[in-house]
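Asks: Dropping the sequence and predicted coords here.
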Amino acid sequence: MTERMSAYQDKVLRIDCTNRTTRTEPLNMEFAEKYVGSKGLAIRYMYEDMKPGIDPLGPENNLYLTTGPMTGTPIPCSGKLSVAAKSPATGTMNDCSIGGHAGIRLKFAGYDIVVFEGQMDKPSYIVIEDDEITFHDADHLWGKTSHEAEKILIDEYGTEYSVLSIGPAGENLNFISCINSDYYRQAGRGGIGAVMGSKKLKAILIKGTKGLKLPNIKEATDRILEIFHENCLSEDNEYVFDEGTYAFLEACNDGGILPAHNFSAATDVNWDKYNGAVMKKYRLGKRGCGSCGLGCGNFMRVGDAICEGPEYETTAASGPQCDIVSIEHNVRYNQVVDDLGMDSISTGVTVAWAMEMAEKGIHDFGVHFGNEEEMIQIIKDMAYRRGEGAELADGVKVASEKWGGTDFAMHSKGLEFPQYEPRGSFGMAASYAVSDRGACHMRSYTANEEVFEASCPPYTHEGKGQVLYDLGEFNAIKFSCCLCDLWGSVDYAIMAELLTLITGKEWTEEDMSTVGRRVLNIGRAFNQREGFTREHDVVPQRLFKDPLKGGPADGQVMTEEGFQDMLSQYYEIMGWDENGCLPQTMLDEL
């Protein structure tokens, strides 16, 4: 039997939504030792608990809130919470990462994982306060926007509680709906809000007062503070406080990977009208998540539009993708999608596709390039499934399969592309294709190596399988530790040392690599069990047919052969067969 490690609460809470009952069980320490926490642990529990082939919007799809061993400790940037379920958008596993304070409060309530099973028979919300879990009717909240619902609940319960809530998009089971927390933090991708909506669960409130016990707390804290000052607060990470992810706007535009006009171009000559320098003129203040020492959040007000953000992804999706040059529009877009509970990436990419459909004369959804008012209106219609908005509510895969335009419907497995143009960074095409939850830049972010660091050439497929693997393995363990992506200078040695300090178990750099690889495999194994193979690791034909317009990557186009070669390279390194499947011996080891 695997010995208990410290830094875990050794408790899983299971909430039966159907019968409104709860039960607890010890954390599976074998799973924890093999997958650490957060992302990896959530996927392992999903693989164990759920049968293949279940309906993502049915009662058998569980919703998992998963912390990690670093959650609730003094370790910087460790306040993230994994939110996971089978995705209604893709049919794959889906784990999201949400910031704020919910993860720490859940850990302090005494739980490593909370699993929501079954479905309510009417709109409800659940309060988790240490050992007391209560169920409440939410008729007065259902139909409210996410921000309205959170304000009502905070006014009633107080700011000691974290609130996870959905907006109208989640209530209406939209495949591009998200879960909000602390008003401006999101578990954003894969329709995770629809899973919560399918359970008729409007909100989850969390308060924890138990704290967390660690061995040798003084010595551990002293060393953690040294790492914080020597590494986390180093020059490499200064941009996080200065501009946050807004800093990527200049880097992507200069590097020729800022997508524009629905991924037909990769530069915006007007980018300086909404760049970081402009953002700072409207910034009201800064904000960070619990345990954060970097503070990426930017509170902004432009005119009557206000939000925390927008992040780079949101800015690119709402601006250059849709031929709109207005920082006020970007902020208003961010405010609206957050309030309605919609993924800002998927929403922007879907609307840009609809704009191109109208431009090409295929179908007019009532939204056109460059029109801010039409864009905001169609988003509201998407959230409520009204009129033409109903046709777009489930993203570009569903819409393009009905209306055409599949060649320029920018998604993989049903998840819309993040805002990094693959023809300017060939590795990103393969990264989107092999990502376990559909197109995602948070698995293997090859743009950093190909464009920002220029450590490998961007316009070739050669050697990209290894780049994909190295980055994917690293992020898999990093996110399983529940560390924020923006602590960019952290490495295997630091992660191993931190885990050793807090768990009482010796961890090595080799262990970090091993766990990272295992997490990649368990995600693939879940999808393999759902029927996913190489034939699903695809990207739109636009990348092979349409030369890119503008910027350093002007004229670049990928080849099918080169793309397939990247997949084969990656599969070989992973030990999968040519069909992208794990052999039985590897499945048995998981």
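Replies: All right, it came through fine.

Asks: From here on, just use CA atoms for contacts and neighbour counts.
Replies: OK.

Asks: Disregarding residues adjacent in the polypeptide, which is nearest to Glu238?
Replies: Leu294 (7.8 Å; Cα to Cα, 6 or more residues apart in numbering).

Asks: Within the helices and strands, which one has the one you found?
Replies: Remark: Leu294 resides in no helix or strand, with elements defined by DSSP states H and E.

Asks: count of residues packed around it?
Replies: Counted by other Cα atoms under 10 Å, the residues lying close to Leu294 total 23.

Asks: again, but for Ser234
Replies: 14.

Asks: hmm, back to that, contact partners for the residue nearest to Glu238?
Replies: Cys77, Cys232, Leu233, Asn237, Glu238, Val240, Phe241, Gly288 (Cα atoms under 8 Å, 6 or more residues apart in numbering).

Asks: So the second one versus Ile494, what's the distance?
Replies: This means Cys232. Noted for Cys232: a distance of 11 Å to Ile494, by Cα to Cα, to the nearest Å.

Asks: which of the contacts of Leu294 are buried?
Replies: Cys77, Cys232, Leu233, Asn237, Val240, Phe241, Gly288 (16 or more other Cα atoms under 10 Å).

Asks: Setting aside sequence neighbours, what's the nearest residue to the fifth one?
Replies: Put plainly, it is Val240. Using Cα to Cα, 6+ apart and skipping residues adjacent in sequence, the residue nearest Val240 is Cys296, 5.0 Å away.

Asks: gap between that neighbour and Ser181?
Replies: Taking Cα to Cα, one finds Cys296 at 16 Å from Ser181.

Asks: what do you get for Met586?
Replies: Where Ser181 is concerned, Met586 sits at a distance of 37 Å (Cα to Cα).

Asks: Met342: neighbour count?
Replies: Count around Met342 with other Cα under 10 Å applied: 39.

Asks: Would you agree it is in contact with Ala383?
Replies: Yes - counting by Cα atoms under 8 Å, Met342 touches Ala383, with 7.5 Å between them.

Asks: Find residues that contact each of the two.
Replies: Common neighbours of Met342 and Ala383 (Cα under 8 Å, 6+ apart) are Ala169.

Asks: rewinding a little: neighbour count: Met586 and Ser181, which is higher?
Replies: Of the pair Met586 and Ser181, Ser181 is the one with more neighbours under other Cα under 10 Å, namely 25 against 15.

Asks: Out of the contacts of Leu294, which is nearest to Tyr111?
Replies: Cys77 (19.6 Å; Cα to Cα).

Asks: Find the nearest non-adjacent residue to the closest one, please.
Replies: Cys292 (4.4 Å).

Asks: list the contacts for that neighbour?
Replies: With Cα under 8 Å, 6+ apart, Cys292 has these contacts: Pro76, Cys77, Ser78, Gly79.

Asks: give me the element it is part of.
Replies: Short version, using DSSP H and E: Cys292 is in no helix or strand.

Asks: just Asn521 next, same as before
Replies: Here Asn521 is assigned to helix 509-529, by DSSP H and E.

Asks: What lies in contact with that helix?
Replies: So helix 509-529 is in contact with 34-36, 40, 43-44, 47, 52, 92-93, 436, 472-477, 492-493, 495-496, 581-582, 587, 590, going by Cα under 8 Å, 6+ apart.

Asks: What residues of the helix or strand just after it count as buried?
Replies: Going down the chain from helix 509-529, the next helix or strand is helix 542-545, by DSSP H and E. Under the neighbour-count criterion of 16+ other Cα under 10 Å, helix 542-545 has Arg542, Leu543, Phe544 buried.

Asks: Give the next helix or strand downstream of helix 542-545.
Replies: Next element after helix 542-545 (DSSP H and E): helix 560-574.

Asks: For that next one, give the mean pLDDT please.
Replies: The average pLDDT for helix 560-574 rounds to 98.

Asks: Who are the packing partners of that helix?
Replies: helix 426-434, helix 464-480 (3 or more Cα pairs under 8 Å, 6 or more residues apart in numbering; DSSP states H and E).

Asks: Out of these, which is the most enclosed?
Replies: Mean neighbours per residue, mean count of other Cα atoms under 10 Å, is largest over the helices and strands packed on helix 560-574 for helix 426-434, with a mean of 28.

Asks: Using CSV, write down the CA coordinates of it.
Replies: Provided in CSV are the C-alpha atoms of helix 426-434 (Å, rounded to 0.1, in the frame of the first residue of the first chain):
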residue,chain,number,x,y,z
PHE,A,426,4.2,24.8,-37.9
GLY,A,427,4.5,23.0,-34.6
MET,A,428,1.3,24.6,-33.4
ALA,A,429,-0.7,22.7,-36.0
ALA,A,430,0.5,19.4,-34.6
SER,A,431,0.1,20.7,-31.1
TYR,A,432,-3.6,21.6,-31.7
ALA,A,433,-4.1,18.2,-33.4
VAL,A,434,-2.6,15.9,-30.7
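
Asks: element containing Glu33, please.
Replies: With DSSP H and E as criterion, Glu33 is part of helix 29-35.

Asks: Might you calculate how far that helix sits from the centre of the chain?
Replies: Mean-position distance between helix 29-35 and its chain equals 23 Å (Cα atoms, centre = their mean, to the nearest Å).

Asks: cool, stretch 23-33 as well?
Replies: Taking mean C-alpha positions (Cα atoms, centre = their mean), stretch 23-33 and its chain are 25 Å apart.

Asks: which of the residues in that stretch are buried?
Replies: Buried, per 16+ other Cα under 10 Å, within stretch 23-33: Leu27, Met29, Phe31, Ala32, Glu33.

Asks: ditto for stretch 258-269
Replies: Leu258, Pro259, Ala260, His261, Asn262, Phe263, Ser264, Ala265, Ala266, Thr267, Asp268.

Asks: just to revisit the earlier point, which residues are in contact with the residue nearest to Val240?
Replies: Cys296 neighbours (Cα under 8 Å, 6+ apart): Val240, Phe241, Asp242, Glu243, Gly244, Thr245, Lys286, Arg287, Gly288.

Asks: Can you give the domain ranges for the protein?
Replies: Domain ranges of the chain: 12-207, 241-410, 411-539+559-590, per automatic domain parsing.

Asks: Throw these into CSV and include distance to Ile227, thanks.
Replies: Below are these laid out as CSV (distance: least, Cα to Cα, whole Å):
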stretch, distance to Ile227
domain 12-207, 9
domain 241-410, 12
domain 411-539+559-590, 8
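
Asks: closest to Pro552 out of the ones you listed?
Replies: Nearest of these (Cα to Cα): domain 241-410, 5.0 Å.

Asks: pLDDT on that closest one, on average?
Replies: Domain 241-410 comes out at a mean pLDDT of 95.

Asks: 29 is where my numbering starts, stick with that
Replies: Shifting the count to begin at 29 puts that one at domain 269-438.

Asks: Return the distance of that domain from the chain's centre.
Replies: 16 Å.

Asks: Mind exporting the C-alpha coordinates of the strand or helix carrying Ala305 to CSV?
Replies: Assignment of secondary structure by DSSP H and E places Ala305 within helix 304-310. Output in CSV follows, covering the C-alpha atoms of helix 304-310 (Å, rounded to 0.1, in the frame of the first residue of the first chain):
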residue,chain,number,x,y,z
GLY,A,304,-0.1,47.2,-24.0
ALA,A,305,0.8,50.9,-24.0
VAL,A,306,-2.8,51.8,-24.8
MET,A,307,-4.2,49.3,-22.3
LYS,A,308,-2.2,50.9,-19.4
LYS,A,309,-3.9,54.3,-20.1
TYR,A,310,-7.2,52.7,-19.1
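
Asks: What is the nearest of the buried residues of stretch 51-61 to Leu91?
Replies: Leu55 (16.7 Å).

Asks: Mind telling me what element the closest one is part of?
Replies: Assigned by DSSP H and E, Leu55 falls outside every helix and strand.

Asks: roughly how far apart are it and Ala117?
Replies: From Leu55 to Ala117 the distance is 30 Å (Cα to Cα).
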